[in-house]
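1. Kindly return the folded structure for what I paste below:
(one chain, ligands or ions: 2)
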Amino acid sequence: MASQVTFIGAGNMAGAIIGGMIESGFAADAITATSPDDAVLAPLRERLGIHTATDNAAAVAEADVVVLAVKPQIMRQVCEGLRDAAQARRPLIVSVAAGLPAETLERWLGGELPVVRCMPNTPSLVGAGAAGLYANARVDEAQRRLATELMEAVGLVEWVDDEALLEAVTAVSGSAPAYFFLMFEAMEEAGVRLGLPADTARRLAMQTAFGAAKMAMASDKPPAELKRNVMSPGGTTERAIEHLEQAGLRTALAEAMEACAARAREMADELGRD
Ligand SMILES: NC(=O)C1=CN([C@@H]2O[C@H](COP(=O)(O)OP(=O)(O)OC[C@H]3O[C@@H](n4cnc5c(N)ncnc54)[C@H](O)[C@@H]3O)[C@@H](O)[C@H]2O)C=CC1
Ligand SMILES: O=C(O)[C@@H]1CCC=N1
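-> Numbers count the residues shown, from 1 in each chain. Ligands and ions are numbered 1, 2, ... in the order given. Here you go, the predicted model:
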């Protein structure tokens, strides 16, 4: 029988992973999602055919894998409500929450448990996610494979062996779809100022990002070389890139990513205190 996977929380991130899992052929029957609000659950139930529940502990009592997908700010209260069920069942815990260390989650869940911390991103919804995973010492090989299988169903999986590196993963991929969406917004606005209809500018910008990513992934050339290949000497791209460099795009990105990782550390301090 397939492993039973219960998602605690059914918002953006859980919805993206569940949608991607179904899309890649996971049995809807093996997936449960919970939320206190049935209005959040109804579309998942009706559209995807998964099980839903408003009682977290009851859903954990039958799970092999429990994916914790609520906001970090309410994680403690949610975990404490799961203590008895989690300690009785001892499922693999997969947390997608930013910041919260495995040790903190174990403490809130009432003691030692196998915990995989996962930093996914929302493109999981279309099978193009990128996730960093870390396993604590209590996760066995079969559970590690199960976590890999779950997240590979929705995209790329990279394991890290130092939990602190998940902060870097958050900066590089967890939060990063938003950086690209910001670029799309800005390119659309600039395209409109240059005279294009908004939807034309949006489609061209998005297809270009998609094409650039696909090309870079297929190529053995580093991005710097692919960039140079677009830049004819004295041409248009060279002028654009000069502007981006002078405007400090690199520094802005580096600083944004440092701030992102620092916020993950800060959240662990703020929320993990007793
Ligand atoms: N949105 C993103 O791009 C990413 C989010 N994450 C992490 O995913 C987690 C969830 O974030 P989102 O999905 O964006 O938030 P969200 O607000 O969209 O979803 C949270 C869900 O939790 C449910 N919920 C609230 N109280 C609950 C309770 N007591 N029991 C069960 N469910 C409850 C809500 O109904 C909602 O469906 C966070 O910990 C976040 O750090 C990680 C990577 C990327
Ligand atoms: O913004 C956040 O805190 C979450 C974690 C990574 C992406 N979204």
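2. Now do the contacts for the closest residue to ligand 1 within the chain.
-> Checking the chain residue by residue against ligand 1 with C-beta to the nearest ligand atom singles out residue 11 as nearest, at 1.7 Å. For glycine as for every other residue, the C-beta is placed from the backbone atoms N, C-alpha and C. Taking C-beta atoms under 8 Å, 6 or more residues apart in numbering as the contact definition, residue 11 lies against 35, 40, 69, 70, 71.
3. Mind doing that once more with 7 Å?
-> By C-beta atoms under 7 Å, 6 or more residues apart in numbering, the residues touching residue 11 are residue 69.
4. just residue 79 next, same as before
-> For residue 79, the residues meeting the contact criterion (C-beta under 7 Å, 6+ apart) are 105, 108, 109.
5. go again using 10 Å as the cut-off
-> For residue 79, the contacting residues are 8, 56, 68, 70, 86, 93, 95, 100, 104-110, taking C-beta atoms under 10 Å, 6 or more residues apart in numbering as the criterion.
6. are any of these buried, and which?
-> For those, a burial check counting by 16 or more other C-beta atoms under 10 Å picks out 8, 56, 68, 70, 86, 93, 95, 100, 104-110.
7. can you pull up the bridge partners for the residue lying closest to residue 51 once chain neighbours are set aside?
-> Computed as C-beta to C-beta, 6 or more residues apart in numbering, the closest residue to residue 51 that is not its neighbour in sequence is residue 32, at 4.1 Å. Each beta-bridge partner of residue 32 is listed here: residue 6, residue 51, as defined by DSSP bridges.
8. Settle this for me: residue 32 is touching residue 52, isn't it.
-> Yes: the criterion here is C-beta atoms under 10 Å, and residue 32 meets it with residue 52 at 6.7 Å.
9. Below-threshold pLDDT in this structure: ranges please.
-> 1, 273-274 (pLDDT under 70).
10. where do the helices sit along it?
-> All helices of the chain, identified by DSSP state H, fall at 12-23, 38-43, 56-60, 72-89, 102-108, 141-152, 165-169, 177-193, 198-218, 223-230, 236-246, 249-272.
11. for the fifth one, packing partners?
-> When contacts are defined as 3 or more C-beta pairs under 10 Å, 6 or more residues apart in numbering; DSSP states H and E, helix 102-108 sits against helix 72-89, strand 92-95, strand 115-119, helix 249-272.
12. In CSV, list those along with distance to ligand 2.
-> Written out in CSV, the entries for the helices and strands packed on helix 102-108 read as follows (distance: least, C-beta to the nearest ligand atom, whole Å):
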stretch, distance to ligand 2
helix 72-89, 7
strand 92-95, 12
strand 115-119, 7
helix 249-272, 7
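13. Could you dump the ones you listed into JSON lines with distance to residue 234 added?
-> What follows is the helices and strands packed on helix 102-108, written out as JSON lines (distance: least, C-beta to C-beta, whole Å):
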{"stretch": "helix 72-89", "distance to residue 234": "51"}
{"stretch": "strand 92-95", "distance to residue 234": "52"}
{"stretch": "strand 115-119", "distance to residue 234": "43"}
{"stretch": "helix 249-272", "distance to residue 234": "22"}
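14. Might you report the residue contacts of the residue lying closest to residue 168 once chain neighbours are set aside?
-> On the basis of C-beta to C-beta, 6+ apart, the spatially nearest residue to residue 168 that is not a chain neighbour turns out to be residue 261, at 5.9 Å. Contact partners of residue 261, counting by C-beta under 10 Å, 6+ apart, are 164, 165, 166, 167, 168, 169, 170, 171, 172, 175.
15. Could I have the buried ones of those residues as ChimeraX selection syntax?
-> In ChimeraX, this line selects whichever of these come out buried by 16+ other C-beta under 10 Å:
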select :165,166,167,168,169,170,171,172,175
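16. ok so, going back, and for the residue nearest to residue 51, the neighbour number?
-> Residue crowding around residue 32 was assessed by other C-beta atoms under 10 Å; the count is 24.
17. Verify the stated contact: residue 166 with residue 135.
-> No: using C-beta under 10 Å, residue 166 is not in contact with residue 135; the gap is 11.4 Å.
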